[in-house]
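Engineer: Kindly generate the corresponding structure for this input.
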Amino acid sequence: MSHLILSTNHLDEDVLAPSRLANVVVGFNLRFVWRKLPPEEQLLLGLERRSAKHGNPGDHWLDEACRGSLEGFGTRDIGFFELCAKFDSIEIGSTLDQTISLC
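Structural biologist: Numbering: from 1, shown residues only. Predicted coordinates:
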């Protein structure tokens, strides 16, 4: 059974990965608290597989992910939903927040 932890704290990759609580821990820095949401097209683009359209830093959802964090499950070019489909269970949370189990 494969398990993915998606964390809102990018430092969780370093904290949780050695614990082996999951096959893969991905931390990302998407924050929508202090400013207006980007257009829907831009949000969806950020979740797609990396392409030439992702020319600026921060355009792809894995731009801040640690290199090697997806070992065995994909590269830093993978799309969000494509990565999620590879796991039997997914948790979203942070070491600072309560974890939410999706599956």
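
Engineer: Can you show me the strands along this structure?
Structural biologist: With strands called from DSSP state E, the chain shows them at 3-7, 24-27, 89-93, 100-101.

Engineer: low-scoring stretches of the protein, by residue?
Structural biologist: Within the chain, the segments meeting pLDDT under 70 span 10, 17, 29-33, 94-103.

Engineer: Repeat the analysis, applying 90 as the threshold.
Structural biologist: 1, 5-40, 42-43, 55-72, 74-76, 91-103 (pLDDT under 90).

Engineer: any chance you could map the helices in it?
Structural biologist: With DSSP state H as the criterion, the chain has helices at 12-16, 40-47, 80-84.

Engineer: Mean neighbour count, these: which tops it?
Structural biologist: Neighbour counts (mean count of other Cβ atoms under 10 Å) averaged over each of these peak at helix 12-16, with a mean of 18. Bear in mind the C-beta positions are built from the backbone N, C-alpha and C, glycine included.

Engineer: Could you export that one as CSV, CA atoms only?
Structural biologist: Presented in CSV, the C-alpha positions along helix 12-16 are these (Å, rounded to 0.1, in the frame of the first residue of the first chain):
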residue,chain,number,x,y,z
ASP,A,12,7.7,18.8,6.5
GLU,A,13,9.5,17.0,3.7
ASP,A,14,12.6,17.1,5.9
VAL,A,15,10.7,16.3,9.1
LEU,A,16,8.3,13.6,8.0
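
Engineer: Fine, thanks again, bye for now.
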